[in-house]
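> structure of the sequence below:
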Amino acid sequence: MGGASPCYNVYETLDSKYISIGILEPKFWANFCEALGREDLIPKQFSEGDKRSLLFDEIRKIIRSKTRQEWEVFFNDIDACFEPVLEFDEVISHPQFLHRGMFKEIDHPVEGKIKQIVFPIKFSETPGEIRTPPPLPGEHTELVLRSLGYSQSEIEHLRKQKVI
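Below is the predicted model:
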């Protein structure tokens, strides 16, 4: 359903940020609609065709009426599947990501110390690790092209043509 349904989508807010709703179960959809004061939308959850387009338009209009922060407060006590879509600088300081140790500072040969996302699945006996810093632009171009079957002369030709 990712993005095809008004009840399972990402919406822009008044402050040009985003929220996501994943309200597939009818009871959560009813909670959502009732909290909005829009009980008329409850039976339209899985509308098709033009009716779905109209529901999308209506939900977009409603969500654009408040900032992301206002929606976070609004949904605080509502039993519906809602989350703010965080920007990167918000993610790296989010309590859940900090608690799970989702970022690690590493040394990069050009950029100095940088934060990297660690492997998100936590294994007790075989934890993931960052083995190398991210590559520099073009650092692995020749290796990738060779693995795709390009000859050294073809690679040199691409380089002379400023393709790579």
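
> okay, now the unreliable bits of this protein?
Residue ranges of the chain with pLDDT under 70: 1-3.

> domains for it, by residue range?
What automatic domain parsing lists as the domains of the chain is 8-85, 87-133, 135-164.

> just the ones you listed: most buried one?
domain 8-85 (a mean of 15; mean count of other C-beta atoms under 10 Å). Quick note: C-beta positions are derived from backbone N, CA and C, even for glycine.

> not counting its neighbours along the chain, what's nearest Phe32?
Closest residue in space to Phe32, ignoring its immediate chain neighbours: Ala80 at 4.1 Å, by C-beta to C-beta, 6 or more residues apart in numbering.

> can you map out the helices along the chain?
Using DSSP state H, the helices of the chain run over 26-36, 49-63, 68-75, 88-91, 95-99, 141-147, 152-160.

> which one of the ones you listed lies nearest to Ser124?
helix 95-99 (16.6 Å; C-beta to C-beta).

> can you name the residues in contact with that closest one?
By C-beta atoms under 8 Å, 6 or more residues apart in numbering, the residues outside helix 95-99 that reach it are Val91, Phe103.

> now that helix, how far from the chain's geometric center?
17 Å (C-alpha atoms, centre = their mean, to the nearest Å).

> quick one: residues contacting the most far-flung residue of the chain relative to its centre.
Of all residues in the chain, Ser153 has its C-alpha farthest from the mean position, at 41.0 Å, by C-alpha atoms, centre = their mean. With contact taken as C-beta under 8 Å, 6+ apart, Ser153 is in contact with no other residue.

> what of Ala30?
Ile42.

> same check on Ile121?
Counting by C-beta under 8 Å, 6+ apart, Ile121 has contacts Gly128.

> and if we set it to 10 Å?
Pro127, Gly128 (C-beta atoms under 10 Å, 6 or more residues apart in numbering).

> how close does it sit to Val73?
Taking C-beta to C-beta, to the nearest Å as the measure, Ile121 falls 32 Å from Val73.
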